[in-house]
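Q: based on what follows, work out the 3D shape:
(3 chains)
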Amino acid sequence: MSDTLRLPRIQRRRHFKSMVANGIIMIFAGMAILPLIMVFSYITSSGLPSLNLDFFVKLPAPAGETGGGMANAIAGSVLMVVMSGVMAIPPGLLCGLYIAEFPRQKLAGALRFVIDLMTGVPSIVIGLFAYATLVVPLGGFNAFAGSAALAIIMLPVVSRTTEEILRLIPSQLREAGLALGLPRWKVLLRLIMRAGRSAIATGVFLAIARASGETAPLLFTSFNNQYWSSSLSEPVASLPVQIYTYAISPYEEWHRLAWAGSLVLVSVVFTINLMSRVLLKRSSN
Amino acid sequence: MQKINFLNGSIRFLTAAIMMSATVAKSDILINGAGATFPQPLYSRWFSDYRKVDKSIAINYQGVGSSGGIRQLLTGTVDFGASDEPMNVEEAAKAKSLIHHIPTAMGAVAVSYNLPGNPALKLTPDVVTDLFMGIITKWTDPRIGASNPGVKFPNLPVTIAYRSDGSGTTAIMTEYLSAVSATWKAKPGQGKSVKWPVGIGGKGNAGVAGMIKQNPGTLGYIELVYAASNNLPVAAIKNAAGQFVNPSIATVTSAAKAKIKEIIAADFKLSLVNSPGKDAYPVSSMTWLLVPESMAAAKSVPFSSFLKWAMGDAAQKTAESLHYAALPKEVRTAALERIGKIKFK
Amino acid sequence: MRSDRVFNLILRSLAVAIIAGFLGLTWFLWKSALPTLKVAGAGFVWSQAWDPVANEFGALPFLWGTVVSSLLALCFSAPVSIGAALFLTDIASKKIRSPIAFLIEMLAAIPSVVYGIWGIFVLAPFVREYIHPMLNGHLGFLPFFVGPPFGLGMLTAAMVLAVMITPTITSVCREVFRSVPDPLREAAIGLGATRWETIRLAVLKTSISGIFAAMILGLGRALGETMAVTMVIGNRPEISLSLFKPAATMASVIANEYAEAQGDSHMSALAAIGLVLLLVSSIVNIAARWIIKRTESKTHV
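A: Numbering: from 1, shown residues only, chains lettered A, B, ... in the order given. So this is what the prediction gives:
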């Protein structure tokens, strides 16, 4: 610092400017994190008091009554996310594989473009589409339509991640496999996918985390249900939709449940994210 | 290899999920309905009470607004609907089978507001209209003060809260405004979704009540039970007979009493707005369950039992405990007859 | 090998199925929107009316709401995101980098409905009690700050959106800054540049198109956002210059009205809005990726 003072004035000004800019950048970085801390602490402080065993095991109580929980919403979300994962992950992996490994085929290029477009489709539009194709013709709101809508959202995410990971795998691995006389599909599935499996798994987990938090596509598909759902062809409660319904209501009791539900949802999503990163780090070591 | 392992795992997951959902109450009959938020607190209580009467019936009702209920019923995605306004001719024409309107209870659309001190306000029809028109913009406007001497109004602008979704509550309110103001009748007119001249939209009675509750200076229209359960003040409105009347069970019942014969004659599809009668609350209404004849037999039989139970004393008393007015006895008897006559396919 | 041909066939069938599915989605939107477009034509986009009773439908208020809230969000978020990205690539020590990057990415993991709740119960009262008196009280003569202190409205929606798109812009900017070759930075330092000058000359100047692409991607994300915006924007199809007035976006009107739209013309109008939304998001998305591709090919010379 004393060195700086000995410099001619213009040098001191430049250093001063640099320090100010440094400071501003650090402030901006702090501002970027601040909302996260605010939201998380708000949800925790409002939601934690209402988080008790009842919340996890009881069904919703009628409007205006106390007690009750979101047990069916949690179960419904799990059901639909699992279903949508089953529907979206294998095709998503295959699409990413196809785009990355067969770049010279025109179809692959077209698929890449379409997948890119799909990542930008607003989730409400997907909900609209699922309503018209899976709810109205099937004669009712149902959990399957909800899962399908979520699957449409998940598939492009899985595909893009897979594609990007596969591009990073060195070509020597492929050549080695082919040199051993393996058919190409074995090389791709057994060797290449395997090599990238932790990073791909990370992408899959992120897609699952994303799907668990989606609300808009479920509004017109799985609808909502105050009871346990007993089949995929009936409406089912889901955590995000229930949170939304309760949050915009005027009942204090429902607000508290909404906060508790938000805490659970955010915690689950964070945990999935964290887990997938830990997985990634561990495997790369 | 990796992919096959994952497939394996996901198949196991799927089986577990299906088994989990299958173990839960497979013998339950699930009946799905959607519609008005006006009676939603009542229905959610009734359905929960009826489940104690008959454990095998689960009636799932979601409040999406009267328009939503009618639309979902017409599209066939729910088994029954609920509305605060009878279906009009266009809507009825789209129905694949006859849709019966069974009245369940009566309620009041209250004009509620958020002012410091929760003063009890008296409002005349022209003041109400001009508030919603956006002509009266400040609480300190002398026209409001004219019927409320002694109330100290804050220097706040009036913010109007209305329904952003298609609502029977809106239909009732706009019917009243159209009845007392020719200007309103011309534009915006009456309907479940109108173009409100000013204000902010909230979703459901719940959304509007929430907005009133959280924002000082707001004025909006909500079903009485939403005001009561949130400790929101309601205005006394001058009725056709010239009296300032508060919304309550008694005043809503008065509104219906004057018109019992007409209600039955009109097959229950009658409006109670601006009813004659000294104590009648001018913005009253019945609310209906919309029951299609195309309901499957497995569902229509238990649902009819529920409807008959709803006309009974126990259910109607519960309604009163929730700030809804019970249907007049004559109407209930007529409705019971009607329920028996529905020709389910 | 035959097994290879089978595998190839499976992949190609899957690709065709997905492309067909997407085309089906577009075709469905188009078909539903057709009645409205036939009646109103391109004028639909410019019409300000939204009156379900009178059967008058126009997309302009929603287009306005979507574009303005997203652009505002971008204005709020861009400096913060770029600063955060710079912090992560050029200022932070290696130890801090990981946790801070993780925290910023966690912003993206919070579901939209939770942001909506936070918006209703925390942000809206904050706007109503602090920001509105400050701006309206002192600068209320400007058309941007008129209106009652409602809390819900364009500004609150833009603020929530800004928080939601920050992680997107930050992560893309990080990639862009990381791909600036170190020799460039070293050259600047060698010439005696201060840290800020290094950043400004070596990193920022060369990354302009990448930063631009990041902002466009963030914009794309903001355009399609539904739940959080619906909960705080006030739901009023009206065009106003004021930040404190309520508005509506294309996504929010669909969420609010689709389940109950009754007249066929109402439903068709909402589908038309969905079509416009899809079109706008897609164009923005394609533009962003094209810019990124161009940037990548430039730096990988």
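
Q: if I pick the one residue in the stretch 201-301 of chain C that gets nearest to chain A, what's in contact with it?
A: Here the stretch 201-301 of chain C gets closest to chain A at one residue, residue C:224, 3.1 Å apart by CB to the nearest CB. Where C-beta positions appear, they are placed from N, C-alpha and C, glycine not excepted. By CB atoms under 8 Å, 6 or more residues apart in numbering or on different chains, the contact list for residue C:224 reads A:120, A:121, A:122, A:123, A:124, A:125, C:251, C:277, C:281.

Q: return the member of those residues nearest to residue B:63.
A: Distances from residue B:63 to the contacts of residue C:224, taken as CB to CB, are shortest for residue A:124 (20.1 Å).

Q: who's in contact with the closest one?
A: Contacts of residue A:124 by CB under 8 Å, 6+ apart are A:216, A:217, C:224, C:226, C:251, C:254, C:255, C:274, C:277.

Q: between these, which is nearest chain B?
A: Of all the contacts of residue A:124, chain B sits closest to residue C:255, with 9.1 Å by CB to the nearest CB.

Q: distance of the closest one from residue B:253?
A: Relative to residue B:253, residue C:255 is positioned 38 Å away (CB to CB, to the nearest Å).

Q: higher neighbour count, the two?
A: residue C:255 (28 against 20; other CB atoms under 10 Å in any protein chain shown).

Q: does that one lie in a helix or a strand, and which?
A: With secondary structure defined by DSSP states H and E, residue C:255 is part of helix C:250-257.

Q: try residue C:283
A: Assigned by DSSP H and E, residue C:283 falls within helix C:264-299.

Q: check which helices and strands that helix sits against.
A: Using 3 or more CB pairs under 8 Å, 6 or more residues apart in numbering or on different chains; DSSP states H and E as the contact criterion, the elements in contact with helix C:264-299 are helix A:106-119, helix A:123-130, helix C:2-40, helix C:43-46, strand C:56-57, helix C:60-86, helix C:208-224, helix C:250-257.

Q: residue A:19: which of those is closest?
A: Minimum separation from residue A:19 across those (CB to CB) falls at helix C:60-86, 14.7 Å.

Q: now check that closest one, is it near chain B?
A: No - no part of helix C:60-86 sits near chain B under the criterion CB under 8 Å from any CB of the partner chain; the closest distance found is 11.1 Å.

Q: which bits of the stretch 101-250 of chain C sit near chain B?
A: For the stretch 101-250 of chain C, the contact set with chain B under CB under 8 Å from any CB comprises C:124-125, C:128, C:148, C:150-153, C:234-236, C:246, C:248.

Q: 6 Å instead?
A: Proximity of the stretch 101-250 of chain C to chain B, by CB under 6 Å from any CB of the partner chain, involves residues C:148, C:150, C:234, C:235, C:236, C:246.

Q: so what's the second one up against?
A: Residue C:150 makes contact with B:159, B:215 under the criterion CB atoms under 6 Å, 6 or more residues apart in numbering or on different chains.

Q: where does the prediction get shaky in the chain?
A: You didn't pick a chain, so chain A it is. Within chain A, the stretches falling below the threshold (pLDDT under 70) are A:1-6, A:64, A:230, A:250, A:284-285.

Q: that's the other chain; I wanted chain C
A: Counting by pLDDT under 70, chain C contains low-confidence ranges at C:52-55, C:259-260, C:262-263, C:296-301.

Q: centroid-nearest residue for it?
A: The C-alpha lying nearest the average C-alpha coordinate of chain C belongs to residue C:222 (CA atoms, centre = their mean; 1.8 Å).

Q: what's the separation between the residue nearest to that residue when sequence neighbours are not counted and chain B?
A: Distances taken as CB to CB, 6 or more residues apart in numbering or on different chains put residue C:70 closest to residue C:222, at 3.8 Å, once the chain neighbours are dropped. Taking CB to the nearest CB, to the nearest Å as the criterion, residue C:70 is separated from chain B by 20 Å.

Q: got the contact list for residue C:70?
A: Under the criterion of CB under 6 Å, 6+ apart, the neighbours of residue C:70 are C:219, C:222, C:223.

Q: correct me if wrong: the first one contacts residue C:72.
A: No - at 10.8 Å, residue C:219 and residue C:72 do not qualify as touching, with contact defined as CB atoms under 6 Å.

Q: neighbour-wise, which of these two wins?
A: Between residue C:219 and residue C:72, counted using other CB under 10 Å, residue C:219 has the larger neighbour count: 26 against 19.

Q: and the more buried one, how far from residue C:244?
A: According to CB to CB, residue C:219 stands 23 Å off from residue C:244.

Q: repeat that for residue A:65.
A: 37 Å.

Q: who has more neighbours out of those two?
A: Relative neighbour count places residue C:244 above the other of residue A:65 and residue C:244, with 26 against 15, counting by other CB under 10 Å.

Q: can you pull the contacts of the closest residue to the more buried one other than its chain neighbours?
A: Distances taken as CB to CB, 6+ apart place residue C:147 nearest to residue C:244, at 3.8 Å, with adjacent residues excluded. The neighbourhood of residue C:147, defined by CB under 6 Å, 6+ apart, consists of C:242, C:244, C:245.

Q: residue C:147 - that's part of a strand, no?
A: No - counting by DSSP: H, G, I helix; E, B strand; the rest coil, residue C:147 falls outside a strand, being coil.

Q: got the phi and psi for it?
A: Note on residue C:147: backbone dihedrals following degrees, to the nearest 10 are phi 120, psi 150.

Q: return the residues of the stretch 51-200 of chain B in contact with chain C.
A: When proximity is defined as CB under 6 Å from any CB, the stretch 51-200 of chain B approaches chain C at B:64-65, B:67-68, B:71, B:157, B:159, B:164-166, B:189, B:191, B:193-195, B:200.

Q: which of those count as buried?
A: Neighbour counting with 16 or more other CB atoms under 10 Å in any protein chain shown marks B:64-65, B:67-68, B:71, B:159, B:164-166, B:189, B:191, B:193-195, B:200 as buried within those.

Q: skipping adjacent residues, who's closest to the residue of the stretch 151-285 of chain A found nearest chain C in space?
A: Taking CB to the nearest CB as the measure, the point where the stretch 151-285 of chain A comes nearest chain C is residue A:213, at 2.9 Å. Distances taken as CB to CB, 6+ apart put residue C:111 closest to residue A:213, at 2.9 Å, once the chain neighbours are dropped.

Q: and if you look at residue A:132?
A: On the basis of CB to CB, 6+ apart, the spatially nearest residue to residue A:132 that is not a chain neighbour turns out to be residue C:28, at 6.1 Å.

Q: could you count how many residues lie near that neighbour?
A: Neighbours of residue C:28 under the rule other CB under 10 Å: 18.
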